[in-house]
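> model the following, please.
(one chain, ligands or ions: 2)
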Amino acid sequence: MSSRIPTPHINAPEGAFAETVLMPGDPLRAKFIAEQYLDNAVLVNNVRNVQGYTGTYKGKKVSVMASGMGCPSIGIYSYELFNFYDVKNIIRIGSAGAISPKLKLKDIVVAMSAYTDSGYINSFGFRGNAAPCCSYELLSRAMEYAKNLPCNVVCGPLLSSDAFYSDSSQTEILSRLGVLAVEMEAAALYMNAARAGKNALAICSISDSLVTGEELPAEERQVGFRNMMELGLSLI
Ligand SMILES: O=P(O)(O)O[C@H]1O[C@H](CO)[C@@H](O)[C@H]1O
Ligand SMILES: O=c1cc[nH]c(=O)[nH]1
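Ligands and ions are numbered 1, 2, ... in the order given. From the prediction side, this is the model:
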């Protein structure tokens, strides 16, 4: 365990986090997961209102903490958890916009890999094109559990974009390459896990479709993705 805790972003003491952390972007989704699913949940971080809780689920210790939005933000939290708090697994519990016409609202994408346009990728010193990919062990366990879920769960690549609003047509190009959906964090999480020798998986519920223009309201993005939350919790 490093002595670099507390950090500027996490004021929890040593040992405050479980070895597995579920990580939604939205702090209120983190709070909802802690309140709905965890026994004896304790708030272990609230710096910048980025809420982190540790409790137990079915008797197993688990933490849930928000990442905020975008690669730079999840880059900070996942780096500090992996490298300073000795966390072993981070599972993103996110939302994403469908770019595949085959996906409907509330379907779940389990991200095998993440294309990215984010400059965050340059911080690892590699001058070619990186290939951020998930933990195979977490992925295979997630897809096994997904067979029991009453919703469509698809495994494939995501795009982790720096821009939520964009004039470019990159998503159409990536759709032709089989990329399923766009979100904003998986690539940074996967790169930090690789660099730290740890494990990561991004699971995202479809909150809107760039194909049809349908979208869910903010409250549903906060509390409505229970199948995804239970899929994440099945991995602890
Ligand atoms: O719902 P979360 O987990 O925040 O994920 C998605 O939602 C945010 C944009 O609305 C971005 O963080 C994107 O990745
Ligand atoms: O990053 C995101 C997340 C949800 N929906 C989108 O269109 N983009």
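
> from the chain, which residue is nearest to ligand 1?
In the chain, the residue that lies nearest ligand 1 is G25 (2.0 Å; Cβ to the nearest ligand atom). Glycine gets a C-beta too; all of them are placed from N, C-alpha and C.

> wait, doesn't G75 sit right on G119?
No - G75 lies out of contact with G119 (Cβ atoms under 8 Å); the separation is 10.6 Å.

> show me the contacts for V110.
134, 139, 142-143, 146, 153-155, 201-203 (Cβ atoms under 8 Å, 6 or more residues apart in numbering).

> SS state for the residue nearest to it when sequence neighbours are not counted?
Ranked by Cβ to Cβ, 6 or more residues apart in numbering and with sequence neighbours excluded, the top spatial neighbour of V110 is C155, at 4.6 Å. Secondary structure, DSSP: H, G, I helix; E, B strand; the rest coil: C155 is strand.

> what pLDDT is listed against C155?
pLDDT recorded at C155 is 98.

> could you do S168 as well?
82.

> just S2 next, same as before
47.

> where along the chain do the strands fall?
Secondary structure of the chain (DSSP state E): strands at 20-23, 39-45, 52-57, 60-65, 89-98, 108-116, 153-160, 181-183, 199-209.

> what strands line up against the fifth one, and which way round?
The strands beside strand 89-98 in its sheet (DSSP bridges) come out as strand 20-23 (parallel), strand 181-183 (antiparallel), strand 199-209 (parallel).

> now swap in the third one and tell me
Looking at strand 52-57 with DSSP bridges, its partner strands are strand 39-45 (antiparallel), strand 60-65 (antiparallel).

> so which of these is the most packed in?
strand 60-65 (a mean of 24; mean count of other Cβ atoms under 10 Å).

> got a list of what the residue at minimal distance from the centre of the chain touches?
With distances taken as Cα atoms, centre = their mean, R92 lies nearest the centre of the chain, 1.8 Å away. Shown in contact with R92 (Cβ under 8 Å, 6+ apart): 23-25, 67, 74, 111, 185-186, 189, 200-204.

> equivalent analysis for N46, please.
N46 neighbours (Cβ under 8 Å, 6+ apart): 11, 52.

> in the chain, what residue lies closest to ligand 2?
G97 (2.4 Å).

> check contacts around that residue.
181-183, 206-210.

> try it again at 6 Å.
Applying Cβ atoms under 6 Å, 6 or more residues apart in numbering to G97 gives the contacts 182, 208, 210.

> redo the contacts of R92 as CSV? Include neighbour count and pLDDT.
Putting the contacts of R92 into CSV (neighbours: other Cβ atoms under 10 Å; pLDDT from 0 to 100) gives the following:
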residue, neighbour count, pLDDT
M23, 28, 98
P24, 31, 98
G25, 22, 97
S67, 29, 98
I74, 29, 98
A111, 31, 98
E185, 33, 98
A186, 32, 98
L189, 30, 98
A200, 28, 99
L201, 27, 99
A202, 30, 99
I203, 30, 98
C204, 28, 98
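
> distance to V87 for those - can I get that in a markdown table?
As requested, these are exported to a markdown table (distance: Cβ to Cβ, whole Å):
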| residue | distance to V87 |
| --- | --- |
| M23 | 10 |
| P24 | 15 |
| G25 | 17 |
| S67 | 13 |
| I74 | 13 |
| A111 | 19 |
| E185 | 16 |
| A186 | 17 |
| L189 | 12 |
| A200 | 10 |
| L201 | 13 |
| A202 | 16 |
| I203 | 17 |
| C204 | 20 |
